[in-house]
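Asks: Turn this into a structure:
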Amino acid sequence: MRKPVILFRGGSEFKAEQQICQKYFSTVEQRTSCHNQLVVARYSALPFYKELENDLLNLGCQLVNTYREHSWIANFDYYDDLAEFTPESWDDYTFQYCKHEGPFIVKGRTNSRKFDWDTLMFAPTKKDAVRIAAKLAGDSLIGPQGVIYRRYVPLRTFELGLNGLPFTNEFRFFFLREQCLSYGYYWSSADNLSLGQISREAIELANKIAKVAAEHVTFFVLDLAETAEGNWILIEVNDGQMSGLSENDPNTLYANLWSRI
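Replies: Reported below is the predicted structural model:
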């Protein structure tokens with residue numbers, strides 16, 4: 001078994017997390033420092049994921065998520081496998097056949113402009129969705145990913161942030177295969193972090209979804225939220241290497257990752 005190492009190349013805002021990570025893992029900042037190891041590329045896998053994977057293979061290393069695994073998430077391929085758990089979605093081709101008139105969430109396959117919620121993410125009508133999609137297509141981050149359109153589902157909301165961004169009852173779960181490593185309230189930028197309330201239903205749903213996701217990817221994040229009607233749904237799947245902590249306790253995350261990797 002290859003000894004794990006964290007390729008940690010975050011900016012200054014991640015220094016506190018890196019220091020906690022170092023309590024459990026050896027960390028390096030250059031890929032050339034990795035040799036015959038299992039590599040978790042924390043904040044360092046992009047933008048050239050395939051190149052990183054190839055370079056590490058030449059050093060006898062393996063990324064915790066292969067490029068194929070990463071692509072299952074980044075290309076929104078997970079939707080086909082997890083459609084029953086998450087809002088109905090369309091790409092540019094299928095949107096022309098969409099009978100839903102709105103509202104919609106418009107975003108990239110991986111990223112969004114959520115902090116421009118009322119102008120570049122939330123679309124009350126199909127016409128608005130097409131207008132926002134045209135703007136996102138020219139965005140240097142979103143455009144290359146391709147735009148997707150998602151049925152807007154009202155969520156249990158505690159407060160509104162910049163540009164009307166709703167801070168909802170949403171939680172981020174880190175998984176290694178089917179094992180939950182940690183979970184925490186999603187909205188770190190909310191004024192009152194104590195409002196987030198997790199339920200047994202949410203945890204059970206996360207574990208159920210993880211069983212499906214684990215067939216396709218090793219280290220991943222599930223973001224789940226409570227609807228206004230009181231049900232829980234999947235909002236997104238993300239690569240665990242590139243996902244921020246939100247309110248996950250880094251000691252819990254890295255201790256459990258170390259014990260299970």
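
Asks: can you pull the contacts of H216?
Replies: E69, W72, D77, Y78, D81 (CB atoms under 8 Å, 6 or more residues apart in numbering). C-beta coordinates here come from the backbone N, C-alpha and C atoms, glycine included.

Asks: Can you name every helix or strand that the helix ranked longest in the chain contacts?
Replies: Longest helix of the chain, by residue count under DSSP state H: helix 200-213. Helices and strands touching helix 200-213, by 3 or more CB pairs under 8 Å, 6 or more residues apart in numbering; DSSP states H and E, are helix 78-82, strand 170-176, strand 179-185, strand 219-226, strand 232-239.

Asks: just the strands in this protein please.
Replies: 3-7, 27-28, 37-40, 62-63, 89-91, 104-108, 122-123, 147-151, 157-160, 166-168, 170-176, 179-185, 219-226, 232-239 (DSSP state E).

Asks: Kindly reformat the ones you listed as a markdown table containing mean pLDDT.
Replies: A markdown table is the format used below for the strands of the chain (pLDDT from 0 to 100):
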| stretch | mean pLDDT |
| --- | --- |
| strand 3-7 | 94 |
| strand 27-28 | 93 |
| strand 37-40 | 96 |
| strand 62-63 | 96 |
| strand 89-91 | 96 |
| strand 104-108 | 97 |
| strand 122-123 | 97 |
| strand 147-151 | 97 |
| strand 157-160 | 93 |
| strand 166-168 | 94 |
| strand 170-176 | 98 |
| strand 179-185 | 97 |
| strand 219-226 | 98 |
| strand 232-239 | 97 |
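
Asks: Same list (those) but as TSV, adding mean neighbour count and distance to E13.
Replies: As requested, the strands of the chain are exported to TSV (neighbours: other CB atoms under 10 Å; distance: least, CB to CB, whole Å):
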stretch	mean neighbour count	distance to E13
strand 3-7	19	17
strand 27-28	17	16
strand 37-40	22	19
strand 62-63	20	24
strand 89-91	17	31
strand 104-108	24	22
strand 122-123	22	27
strand 147-151	22	28
strand 157-160	15	23
strand 166-168	21	20
strand 170-176	25	17
strand 179-185	20	17
strand 219-226	23	18
strand 232-239	22	18
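
Asks: P250 is nearest to which of those?
Replies: Distance to P250, taken as CB to CB, is lowest for strand 179-185 among the strands of the chain, at 8.5 Å.

Asks: So what touches that closest one?
Replies: Against strand 179-185 from outside (CB under 8 Å, 6+ apart): 170-175, 193, 196, 198, 203, 206-207, 210, 245-249, 252-253, 256-257, 260.

Asks: tilt between it and strand 219-226?
Replies: 40 degrees (axes from the mean of the first three to the mean of the last three CA atoms, to 10 degrees).

Asks: on that earlier part again, mind giving me TSV with the strands of the chain and columns for distance to Y49?
Replies: Shown next, in TSV, are the strands of the chain (distance: least, CB to CB, whole Å):
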stretch	distance to Y49
strand 3-7	12
strand 27-28	18
strand 37-40	12
strand 62-63	8
strand 89-91	21
strand 104-108	16
strand 122-123	30
strand 147-151	20
strand 157-160	34
strand 166-168	30
strand 170-176	19
strand 179-185	22
strand 219-226	13
strand 232-239	9
